[in-house]
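Colleague: Here is a sequence with its predicted model. Questions after.
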Amino acid sequence: MGTSKPQGSFIRRVLARKAYWGSLELHIFHNASAVAGTLSPDEPVILNRPHAAVRAARFFSEKFPGKSLYAVKANPSPDLIQVLWESGITHFDVASIAEVRLVRGLLPDAELCFMHPVKTASAIREAYRQHGVKTFSLDSHEELAKIVAATTAEDGTPAADLRLCVRLRVSSEYSELSLASKFGVDLADAAPLLQATRQAADWLGICFHVGSQAMTPFAYVQALERVRAAIVDAAVTIDIVDVGGGFPSAYPGMEPPPLEDYFDVIHRAAESLPVSYSSELWCEPGRALCAEYNSLIVKVEKRRGDELYINDGAYGALFDAAHIGWRFPVKCLAEGRGEPTGEFAFYGPTCDDGDYMKGPFLLPDDIAAGDYIEIGMLGAYGAAMRTAFNGFGHGEVVTATDEPMVSLYTGQRRDRRASDNVVSLR
Ligand SMILES: Cc1ncc(COP(=O)(O)O)c(C=O)c1O
C-alpha cells in the first residue's frame, strides 16, 4: 500500500467539526489497534475513514469522463454522504423514498435521481413535487404510465421537465454479483419503450447495470454494444447514457484492473454511440466509492479448532461473507501473535447455524478467545446491512486516520499493460 497525499484542509474541517461537538473528538483514533487497546470493546466497533471516501470521490469526479452519481444504497451513512458531497459528488442515485428524504434532508442542493425501476406512485409524486427529483428510471410501459400520472399537475398539465432513463437488461457474466434477472427491458422489447418514453421525457436516457464487482472493463463494452443496438432499433435521440454501478474494489482473491482502464474503455465506447452531440455520460458507483470507508473490529469469543466465534456475522456487517462467501481482508490486533498463516472460518453471535462465514480468513495459528480482529473493506454493503436480530447489531462508531487495509486509490496499481483482460475498441 502506498502512502496517500494528505487530504489536509477537508480532514481538518471534519475533525474540527467533531471537536466542536465536544466528546466526539475522543472517537478519533490512529488505527484499529488503538481502538481495541483504548476501548477493549465487548461489541463490534465500526471504523470510519473519511479520508478514504474523499480520495475515492475525487478520483471519480476528476477521472470519470462524465458525471458520477453515488448509489446511496451501498452505504447511506449521513457522514459519508456529506463527505462525498464535499469532495465533488453532486448527484445521488436514490432507490427508495426514504433515501430521497435522507439525502434531500442532508443536501438541499444535490441532484437526486430515483433509479429504482419499480416505484410506488406516492413515492414518485413526493419525490417530484416535494424534493425536486426529475430523473427516474423505468423498464416497462406500466412504470412509464405511473411516472407520467404521478407527475402530472392537478390541472392535467403533464410534467415538461422529466429525465427518464430506460433500464436495459444486460449480462452480468463478468461480475461477482449478478443484477441481470430482476430489472431491465430486453433488447427485443426496448424500441417501443424508448419511443414511448421519448414522448414523455425532456431528456431521454438509457441505463443498465453490469452486476456488482465487475472484474473486467469488457463488461461495459459489451453492455454499451447492446445500448447501441437499442438506440439504432428505436431511432430516438438519446440525452443520457448511464453505465450504472459495478465498478470494483479490491478483496482477497479479487484483484481488479485499474479503474482508469474501465474509464478509458467506457469513454471510447460511449463516444462512438449514435447519441445527441450534447448527451451526458453518467455512472452510478456504490461499492467503489465507499468500500474503503469502513472496517470493523470484532472480538473472538471462542475458538473451536479452525472456527472462531466472533461478535458480528451474517445478520450484521458480514452479510456478504455469509450469504455469498465473500472474503474480506482480516488482521489480528493482539500483540505477539504469529504470522497469518492459519485458515479460519467464523461463526457470528446469533443462535442461527447459518450465521457462518466460511472464509477462509487468514489469521495467526495461535489466535485465541479474547483477541480482536479488524475486518477491512466493509464500507459497501457491509456497515449498511446490520440488523438487530437476536439483540445484536449495536456498537460504537469511531474515526480512524490510518489507511484502509487495501486501496484502489493510493497509487499502487498494476502496470496497465499487464491488464490482459482490457479490450481495446480500436
Ligand atoms: C441501479 C443501481 N445503481 C447502482 C448500484 C451500485 O452498484 P455497485 O455498488 O456495484 O457500484 C446498484 C446496486 O445494486 C443499483 O441497483
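Modeller: Yes, it's here. This one's a predicted model, so the numbers in the text were calculated from it and none came from an experiment.
Colleague: first vs last residue of stretch 182-190, how far apart are they?
Modeller: Terminal residues of stretch 182-190 are spaced 16 Å apart (C-alpha to C-alpha, to the nearest Å).
Colleague: OK, contacts around whichever residue of the stretch 1-150 of the chain sits closest to the ligand?
Modeller: At 3.5 Å from the ligand, residue 71 is the closest residue in the stretch 1-150 of the chain, using C-beta to the nearest ligand atom. Where C-beta positions appear, they are placed from N, C-alpha and C, glycine not excepted. Residues in contact with residue 71 (C-beta atoms under 8 Å, 6 or more residues apart in numbering) are 93, 95, 115, 245, 284-286, 289.
Colleague: likewise residue 242?
Modeller: Applying C-beta under 8 Å, 6+ apart, the residues contacting residue 242 are 69, 115, 165, 205-208, 281-284.
Colleague: per-residue confidence averaged over stretch 342-353?
Modeller: For stretch 342-353, mean pLDDT is 96.
Colleague: Would you mind measuring the gap between the ends of it?
Modeller: Terminal residues of stretch 342-353 lie 23 Å apart, using C-alpha to C-alpha.
Colleague: Same question for stretch 130-140.
Modeller: End-to-end for stretch 130-140, by C-alpha to C-alpha: 25 Å.
Colleague: Show me what the lengthiest helix in the chain is packed up against.
Modeller: What stands out as the longest helix in the chain, according to DSSP state H, is helix 218-234. Under the contact criterion of 3 or more C-beta pairs under 8 Å, 6 or more residues apart in numbering; DSSP states H and E, helix 218-234 touches helix 187-200, strand 203-207, helix 259-271.
Colleague: circling back: okay, the contacts of residue 71 in JSON lines with secondary structure and distance to the ligand next?
Modeller: Formatted as JSON lines, the contacts of residue 71 follow (DSSP: H, G, I helix; E, B strand; the rest coil; distance: C-beta to the nearest ligand atom, whole Å):
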{"residue": "93", "secondary structure": "strand", "distance to the ligand": "5"}
{"residue": "95", "secondary structure": "coil", "distance to the ligand": "6"}
{"residue": "115", "secondary structure": "coil", "distance to the ligand": "4"}
{"residue": "245", "secondary structure": "coil", "distance to the ligand": "2"}
{"residue": "284", "secondary structure": "coil", "distance to the ligand": "4"}
{"residue": "285", "secondary structure": "coil", "distance to the ligand": "5"}
{"residue": "286", "secondary structure": "coil", "distance to the ligand": "3"}
{"residue": "289", "secondary structure": "helix", "distance to the ligand": "8"}
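Colleague: bridging residues for the nearest residue to residue 113 once chain neighbours are set aside?
Modeller: For residue 113, ignoring the flanking residues on the chain, the nearest one in space by C-beta to C-beta, 6 or more residues apart in numbering is residue 135 at 3.8 Å. With DSSP bridges as the criterion, residue 135 is bridged to residue 113, residue 163.
Colleague: these two touch, right, residue 89 and residue 68?
Modeller: Yes: counting by C-beta atoms under 8 Å, residue 89 does reach residue 68; the two are 6.1 Å apart.
Colleague: which neighbours do those two share?
Modeller: The contact lists of residue 89 and residue 68 share 57, 60-61, 289, where a contact means C-beta under 8 Å, 6+ apart.
Colleague: What about those residues, which one has the most neighbours?
Modeller: residue 289 (31 neighbours; other C-beta atoms under 10 Å).
Colleague: Please tell me how far the nearest residue to that one once chain neighbours are set aside sits from residue 329.
Modeller: Nearest residue to residue 289, sequence neighbours excluded (C-beta to C-beta, 6+ apart): residue 56, at 4.9 Å. According to C-beta to C-beta, to the nearest Å, residue 56 and residue 329 sit 17 Å apart.
Colleague: Residue 152 too?
Modeller: 51 Å.
Colleague: for residue 375, same thing?
Modeller: Applying C-beta to C-beta, the value for residue 375 to residue 329 is 7 Å.
Colleague: got it, and residue 269?
Modeller: According to C-beta to C-beta, residue 269 stands 32 Å off from residue 329.
Colleague: quick one on the thing from earlier: higher neighbour count, residue 56 and residue 329?
Modeller: Between residue 56 and residue 329, counting by other C-beta under 10 Å, residue 56 is the more crowded of the two (32 against 18).
Colleague: what's the helix or strand for that one?
Modeller: Taking DSSP states H and E as the definition, one finds residue 56 inside helix 50-63.
Colleague: Quick one: mean pLDDT over that helix.
Modeller: Helix 50-63 shows a mean pLDDT of 97.
Colleague: now the helix or strand following that helix and helix 50-63, what's the angle there?
Modeller: Tracing the chain past helix 50-63, the next element assigned as helix or strand by DSSP H and E is strand 67-71. Relative orientation of strand 67-71 and helix 50-63, computed by axes from the mean of the first three to the mean of the last three C-alpha atoms, to 10 degrees: 150 degrees.
Colleague: Which positions in strand 67-71 come out as buried?
Modeller: Of the residues in strand 67-71, 67-71 count as buried by neighbour count, 16 or more other C-beta atoms under 10 Å.
Colleague: In JSON lines: the helices and strands packed on helix 218-234, plus mean pLDDT and mean neighbour count.
Modeller: Conversion of those to JSON lines gives the following (pLDDT from 0 to 100; neighbours: other C-beta atoms under 10 Å):
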{"stretch": "helix 187-200", "mean pLDDT": "98", "mean neighbour count": "17"}
{"stretch": "strand 203-207", "mean pLDDT": "98", "mean neighbour count": "26"}
{"stretch": "helix 259-271", "mean pLDDT": "97", "mean neighbour count": "19"}
